[in-house]
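Visitor: Whatever this is, show me its structure:
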Amino acid sequence: MVVFKNEKNVEDRREDLRFPIKVKAALKGEGGMKCLGTTENLSTTGALFNISQSTNADDLHDGQMCTFALMLTIDGQHSPVVFNCRIMHISERGVGIRFVSGEENSMELLEAFMVTKF
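Guide: Sure thing, here's the model as predicted:
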């Protein structure tokens, strides 16, 4: 497992480049919590996630650790990319997610996908 280091401090977090990329995604957490939806925007450090369906999501809260899977299509191949993440905020606009760690090639797949969108 690879841990991603954020060299910026909390005040600088909004300087990450975010792109208006919508992809299907799933968020899973403790107690059987599962949310399905799409991203509103995406960066190499996180995403804004809009929930369309959920199960046991009443206790979703800031700071919660979860698993976040992005359903990416790269070179015509469907590639689910999975990250461990932290819920940063929950609002009417969506759920702010910060990627904490992922499988060894998660970041490379995400970057390859994002390059194809712009």
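Visitor: which regions of the chain lie under the pLDDT threshold?
Guide: Residues of the chain meeting the criterion pLDDT under 70: 1-15.
Visitor: ok, residue 60 - contacts?
Guide: Contacts here follow Cβ atoms under 8 Å, 6 or more residues apart in numbering; on that basis residue 60 touches 29, 33, 35, 87, 90, 95. C-beta coordinates here come from the backbone N, C-alpha and C atoms, glycine included.
Visitor: Can you say which helix or strand has residue 111 in it?
Guide: Assigned by DSSP states H and E, residue 111 belongs to helix 106-117.
Visitor: counting contacts, what elements does the strand ranked longest in the chain pack onto?
Guide: The strand spanning the most residues in the chain, taking DSSP state E as the definition, is strand 77-91. Judged by 3 or more Cβ pairs under 8 Å, 6 or more residues apart in numbering; DSSP states H and E, strand 77-91 is in contact with strand 65-74, strand 94-102, helix 106-117.
Visitor: for the ones you listed, which one sits closest to residue 19?
Guide: Between residue 19 and the helices and strands packed on strand 77-91, the tightest spacing by Cβ to Cβ is seen for helix 106-117, at 6.3 Å.
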